[in-house]
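[1] based on what follows, work out the 3D shape:
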Amino acid sequence: MNLTKLKPFIYFLSIALLFISYSLVTSARQGRAMVGADRPELYLKQLQGKNVGIVANQTSILTHSNNKHVVDFLLEKGIKVKKVFVPEHGFRGQADAGEKVDNTVDSKTGLPIISLYGNNKKPKPEQIADLDILVFDLQDVGVRFYTYISTMHYLMEAAAENGKKVIILDRPNPNGDYVAGPVLKKGFESFVGMHPIPVVHGLTVGELAQMINGEKWLKGGIKVDLEVIPVANWTHGTAYKLPVKPSPNLPNELSIRLYPSMCFFEGTIVSLGRGTHFPFQVYGYPDPKFGNFTFTPVSIDGMSKNPPHQDKKCYGVNLGGEALSHGFTLKYLLDAYHKSGKEQAFFNNFFNTLAGTDQLKKMIMAGKSESEITASWQEDLKKYEILRAKYLMYN
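    Residues are numbered from 1 along each chain as shown. From the prediction side, this is the model:
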């Protein structure tokens, strides 16, 4: 065989293979959702030479760069990240729901970690005085009582009051394909519901940030200098699987899809599976009349240290077979309520706070059906849909 004659062929074959490989990588990059953090060409220049603070946790990764953490990426690019602010569950996402998150120092970078949960939900003026820009990069799940959006609200408010710019690195909403549930009523505002939006709000954090700003929902109607770095290759109708679990008790896609319906059990006597490895995918109570499926909540470090009905055998229902197309429903809540026979004692003081209204509880206790209850908030949802349309970025 004449190797001399083969050399040009081998050369052109190598070039062709490189081109095909590049094309495949480019196609994958173009076809897969690119979160805001994956688009540094849109934000790095603005951060250069600035003192930067960032709200981040374990979800703050560049999914097209081997899941590199955004803080590590910014430092590698020479950005002067001065401090990291963290939401509920902490920087590594291992704190239980409601557990105190302390200020600390990140062992990898040496950066100060400042908690925005507990007594310090809103950055203090002295905590951001040395910063020029605040970046927000958290993976939300699109439900009103998921507290990352409340953290975003307070960050925006503090920034507006102190003349700082906020950049939102946007991410897809895994429950962003629909809108459902009661709209929060005035007088029921709390850290698990700060805005007049439904339980399933159908917005990304970037879209919601623009709504908060545009509707002047910050204290005193002030507005913040806001920029959203958008997601690419995604619409509200596109399914999105989170690469990292957003919090300790949302371990998989099904738990995230069931979360809007199941979280109401936090306001009742019923367990939703905290203290198991399938939280938000089962419900039950220590009484056989609640169902044939059994589970026993136990203390699990990094998930649930003191779960309801700890070490007690609970009887109930396993929702592990539900489809990922699952949408908001009251049927689980109504099922457990009727089985309990406890009426008022079925609920605790947190229920109305979660619901954002006292009407849901009243209608349940009045014996209304799911269709009757959901019909009661349709007019509010229609008004909200009109408002939502003004801020949608991913049609």
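
[2] which stretches of the chain form helices?
    Taking DSSP state H as the criterion, the chain carries its helices at 3-31, 44-47, 70-76, 125-128, 148-161, 205-214, 253-262, 331-340, 351-355, 359-365, 370-375, 378-389.

[3] for the residue nearest in space to the middle of the chain, give me phi and psi.
    Central residue check for the chain by CA atoms, centre = their mean: the C-alpha nearest the mean position is that of residue 140, 1.8 Å away. For residue 140, the backbone dihedrals are phi -90, psi 170 (criterion: degrees, to the nearest 10).

[4] my read: residue 359 touches residue 372, true?
    No: using CB atoms under 8 Å, residue 359 makes no contact with residue 372, being 11.7 Å away. Backbone N, C-alpha and C define where each C-beta goes, glycine included.

[5] how many residues are close by residue 222?
    When counting by other CB atoms under 10 Å, one arrives at 14 neighbours for residue 222.

[6] what score does the nearest residue to it once chain neighbours are set aside have for pLDDT?
    If the residues on either side of it in the chain are set aside, residue 222 comes closest to residue 160, at 4.5 Å by CB to CB, 6 or more residues apart in numbering. Here the pLDDT value assigned to residue 160 is 98.

[7] how close does residue 160 get to residue 219?
    9 Å (CB to CB, to the nearest Å).

[8] the two: who's more crowded?
    Set residue 160 next to residue 219 and count neighbours by other CB under 10 Å: residue 160 wins out with 20 against 13.

[9] which residues touch that one?
    Contacts of residue 160 were listed using CB atoms under 8 Å, 6 or more residues apart in numbering, and they are 218, 222, 223, 224, 225.

[10] what subset of the residues you listed is buried?
    Taking 16 or more other CB atoms under 10 Å as the criterion, what is buried in the contacts of residue 160 is 218, 224.

[11] looking at the contacts of residue 160, spot the one nearest residue 235.
    residue 224 (26.6 Å; CB to CB).

[12] that closest one and residue 218 touch, don't they?
    Yes: in terms of CB under 8 Å, residue 224 counts as a neighbour of residue 218; the distance is 6.9 Å.

[13] quickly list what's touching both of these two.
    Common neighbours of residue 224 and residue 218, using CB under 8 Å, 6+ apart, are 156, 157, 160.

[14] from those residues, pick the one nearest residue 211.
    Comparing those against residue 211 with CB to CB picks out residue 156 as the nearest, at 11.2 Å.

[15] how close does the closest residue to the closest one other than its chain neighbours get to residue 84?
    Of all residues beyond its chain neighbours, the one nearest residue 156 is residue 224 (4.7 Å), with distances taken as CB to CB, 6+ apart. Distance check for residue 224 against residue 84: by CB to CB, it reads 20 Å.

[16] now swap in residue 254 and tell me
    Going from residue 254 to residue 84 by CB to CB gives 31 Å.

[17] ok, those two, which is more surrounded?
    In this view residue 254 and residue 84 are compared by other CB under 10 Å, and residue 84 has more residues nearby, 24 against 19.

[18] tell me if I'm right that that one and residue 56 touch.
    Yes: with contact defined as CB under 8 Å, residue 84 counts as touching residue 56 (5.7 Å).

[19] shared neighbours, those two?
    Listed contacts common to residue 84 and residue 56 are 71, 91; contacts here mean CB under 8 Å, 6+ apart.

[20] what residues go with each domain of the protein?
    Under automatic domain parsing, the residue ranges defining each domain of the chain are 36-229, 253-357.

[21] what distance separates the start and the end of the last one?
    This points to domain 253-357. One end of domain 253-357 to the other measures 28 Å (CA to CA, to the nearest Å).

[22] what sits opposite residue 227 in the beta ladder?
    With DSSP bridges applied, residue 227 shows beta-bridge pairing to residue 167.

[23] redo the shared contacts of residue 224 and residue 218 as a markdown table? Include distance to residue 264.
    Output for those, formatted as a markdown table (distance: CB to CB, whole Å):
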| residue | distance to residue 264 |
| --- | --- |
| 156 | 28 |
| 157 | 28 |
| 160 | 33 |
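
[24] quick one, what contacts the residue nearest to residue 157 when sequence neighbours are not counted?
    Distances taken as CB to CB, 6+ apart put residue 218 closest to residue 157, at 4.7 Å, once the chain neighbours are dropped. By CB under 8 Å, 6+ apart, the residues touching residue 218 are 153, 156, 157, 160, 212, 224.

[25] what separation is there between residue 218 and residue 149?
    Residue 218 is 13 Å from residue 149, by CB to CB.

[26] ok, now residue 290?
    When CB to CB is the yardstick, residue 290 and residue 149 sit 32 Å from each other.

[27] more crowded one of those two?
    With other CB under 10 Å as the criterion, residue 290 and residue 149 differ in neighbour count, and residue 149 comes out ahead with 26 against 21.

[28] got the contact list for the more buried one?
    Under the contact definition (CB under 8 Å, 6+ apart), the residues listed for residue 149 are 140, 194, 195, 205, 208.

[29] picking up where we left off before, who's more crowded, residue 359 and residue 372?
    Neighbours per residue, other CB under 10 Å: of residue 359 and residue 372, the larger number sits with residue 359, 15 against 11.
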